[in-house]
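J.: This is a predicted model, with the sequence first.
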Amino acid sequence: MDEDALEYHRTDPPGKVEISTTKPTNTQRDLSLAYSPGVAAPCREIADDPLAAYEYTAKGNLVGVVSNGSAVLGLGDIGAQAGKPVMEGKGVLFKRFADIDVFDVELDEADTDAFVRAVAAMEPTFGGVNLEDIAAPACFEIEERLREEMSIPVFHDDQHGTAIISGAALVNAADIAGKRLEDVDVTIAGAGAAATATARFYVSLGVPRGNVTMVDEHGVLTTARAEAGELNAYTRPFAREAGGDLADAMRGADVFVGLSVGGIVSEEMVRSMAEDPIIFAMANPDPEIGYEAAKAARDDTVIMATGRSDYPNQVNNVLGFPFIFRGALDVRASEINEAMKVAAARALADLARRDVPDAVAEAYGTDSLQFGPDYILPKPLDSRVLFEISTAVARAAIESGTARREPDLEAYRESLEARVGKARELMRVVMNKAATDPKRVVFAEGAHEKTIRAAARLEEEGIARPLLVGERDRIEAIVADRGLSVDPEVVDPGPDDLETYADRLYETRKRKGLTRREAREQVESDPNTLASLLVESDDADAMLTGLTHHYPTALRRPLQIVGTAPDAEYAAGVYLLAIDDRIVFCADATVNQDPDEEVLAEVARHTADLARRFDVDPRVALLSYSDFGSVDNAGTRKPREAARRLREDPDAGFPVDGEMQADTAVVSDLLTESYPFTDLDEPANVLVFPNLEAGNIGYKLLQRLGGAEAIGPMLVGMAEPVHVLQRDDDVADIVNLASVAVVDAQEE
């Protein structure tokens, strides 16, 4: 591991960070704007109004990670320069999780006064300061003085990070154990920066100060030791009358918090604790007591957390500082106060109670994650942490009066979602439209766990009114088992209803070889048929299916019963792909094997209409391996003819051209310089493939090798909103397609 880490850090270029520019620097004019004489204008603006620095410079998204290296990780006082890899690493985490830029600053300064002066003098540079790896008790004084002297957020993560994350864990653990924070007795092993800040923060959460017992290597912190001068100003408030050692302090305690050294807690100490104890053994790499030993010590429920990633409930500071600073920076807070810290902890606790995205569970090598004794904290790779915690912090900053700008918090939350990815930003547009008028969406596989979880989210966010086809008892059992707050409408028809739908199916299909008896059997045995009939008869507004069937099988019944739209002869499958900041709609990737020019033109129209539902102005390219007649055969003539028909159609309403190669369609220089006659003045964002084979291959290559985010397949051309999922789709995919279906239904 050491050699791997050394190689990781020394690979050229050495270290982990670099500076990159955010504006063009390609021409002399660019350089004139970037430096002299262009910089004079923003300099004058800032001289007149110092807050204009947030508008004209990177200050508002720049944090200084500052350390003197006096208490680095588990390495101790190794000095400022030796601590630089840690500070660079902190910058990597800021950027990776919250898109915050960092300058790491290592000060070779042990004197507190000099350190404070140096950091305070850098206030014009930064939007906030993250103090790191500074030894106690100097770290307390340094943070306090800098908070007083500076008008930007100053945050010592070694103190508050562990406090906030373990505080969120405590809120949830106490709830699971049936304990109130006002009643719990807490024993804390350790009296350093993290331990002291944790004790103080637990009081902010509602634990009475008198219920907190702190223990250091000399025993319980007592009033006698305080009078003897053994305690500092930050630990003295937790001094108790009665003394003793750690074993004495743990006897009868509800909560043990370890922020000391490994191996100091025995199984006997765990057995001496109160019923259903909560144990946070956070010493790294070896906790105060091992996970297995703590669990084995008792027969009741032991809720255990550690600082390690190889056990459940890791108390990981990365769940806090990036998102706390994100919220603080975005409202230009003058400080990170107690209200903002409490808001972060409670938002984390609340997020852990919600259904966990499948992608997060997969990233951690498990089938599912569910709120309970082994899941009391969200995972750092859960993208929702960014917009839930940062929004909560921003709201608390505004409400507590420390914010210097007050954005609309709903719009702010959506802007944070956009940072996660372009696809998510576009889906938020669709979800917002859906929520203005939620429609009834019937799910053919309503008893599937993923469907039920998706229904819970759709109902919670007001996106749709889910109808679940399936056995009521089974659906209700899954709702209870997953702890979902949803009361879905279940479609579990009795004999009379089945007869009604069988009659309708028979009338629809009797001249296509279906007998009345077969109609009854099909309605009773095939959820796809029943769901299709609900949509066809207006008992539902839209339909989703396909989670447990191959695509062609799932599509067959909706095509037979619902059919295509009056102005359409063909349905088609479309994928929305987001690549960096670009969006393309790829059609047809799922339905038509070898379309002729008529089908290609119709697919283009439907896909352009779909793009508009995402607030995207369509620019359509008919793809081939030929550019505008460079190859002439039956295959290239089809997209060429389709493009001609669309260009000549006064009702098309969008720019279109073809046939053209894929790179011509999406690269501006190739398109406009090589083919100045084209009707596309910008690269295409709707790509119509010449056949199913090309479409399917193309979108999958973009997704897997190009790193594109994919939404779909979205079915276009149907008489009613119907979408067919892929068999490996997760809950997020189901929610996305259901949202599209609702917007389809609104337009219908």
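T.: Received, thanks.
J.: which residues in the stretch 351-500 of the chain form strands?
T.: Secondary structure of the stretch 351-500 of the chain (DSSP state E, counting those that start in this stretch): strands at 439-443, 464-469, 489-491.
J.: Pull up the pairing partners for the last one, direction included.
T.: According to DSSP bridges, the neighbouring strands of strand 489-491, each with its direction, are strand 464-469 (parallel).
J.: So which residues make contact with the strand it pairs with?
T.: 434, 438-447, 451-452, 454-455, 458-459, 475, 488-492, 527, 530-531, 534, 540, 542, 738-739, 741-742 (Cβ atoms under 8 Å, 6 or more residues apart in numbering). In short, each C-beta sits where N, CA and C put it, glycine included.
J.: among these, which ones are buried?
T.: 434, 438-447, 451-452, 454-455, 458-459, 475, 488, 490-491, 527, 530-531, 534, 540, 542, 738-739, 741-742 (16 or more other Cβ atoms under 10 Å).
J.: For Tyr202, give me its contacts.
T.: Neighbours of Tyr202 in contact, by Cβ under 8 Å, 6+ apart: Ala163, Gly167, Leu170, Leu181, Val186, Val212.
J.: okay, the helix or strand hosting it in CSV with CA atoms only?
T.: In this structure, Tyr202 is located in helix 193-205 according to DSSP states H and E. Backbone C-alpha positions of helix 193-205 (Å, rounded to 0.1, in the frame of the first residue of the first chain) are rendered in CSV as follows:
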residue,chain,number,x,y,z
ALA,A,193,-10.2,18.7,19.4
ALA,A,194,-12.6,16.2,17.8
ALA,A,195,-13.8,14.9,21.2
THR,A,196,-14.4,18.3,22.7
ALA,A,197,-16.2,19.6,19.6
THR,A,198,-18.3,16.5,19.5
ALA,A,199,-19.3,16.9,23.1
ARG,A,200,-20.3,20.5,22.5
PHE,A,201,-22.2,19.7,19.3
TYR,A,202,-24.2,16.9,21.0
VAL,A,203,-25.4,19.5,23.5
SER,A,204,-26.5,21.6,20.5
LEU,A,205,-28.5,18.6,19.3
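J.: Tell me the buried residues in that helix?
T.: Neighbour-count burial for helix 193-205 [16+ other Cβ under 10 Å]: Ala193, Ala194, Ala195, Thr196, Ala197, Thr198, Ala199, Arg200, Phe201, Tyr202, Val203, Leu205.
J.: Outline the domain layout of this protein.
T.: 15-157, 160-308, 319-419, 430-561, 572-717 (automatic domain parsing).
J.: From the chain's centroid, how far away is the fourth one?
T.: Looking back up the chat, that one is domain 430-561. The chain centroid and the centroid of domain 430-561 are separated by 29 Å under Cα atoms, centre = their mean, to the nearest Å.
J.: and if you look at the shortest one?
T.: The gap between the average C-alpha position of domain 319-419 and the chain average comes to 10 Å, counting by Cα atoms, centre = their mean.
J.: What distance separates the opening and closing residues of that domain?
T.: 17 Å (Cα to Cα, to the nearest Å).
J.: and of the strands of the stretch 351-500 of the chain, who's closest to Glu18?
T.: strand 464-469 (45.0 Å; Cβ to Cβ).
J.: tell me what the worst-scoring helix or strand of the chain on mean pLDDT is packed against?
T.: Ranked by mean pLDDT, DSSP states H and E, the weakest helix or strand in the chain is helix 358-363, scoring a mean of 82. Where contact means 3 or more Cβ pairs under 8 Å, 6 or more residues apart in numbering; DSSP states H and E, helix 358-363 is packed against helix 731-747.
J.: In the helix it packs on, which residues are buried?
T.: 731-746.
J.: Any idea which residue is closest to the centre of the chain?
T.: What sits nearest the mean C-alpha location of the chain, by Cα atoms, centre = their mean, is Ser383, with 1.7 Å.
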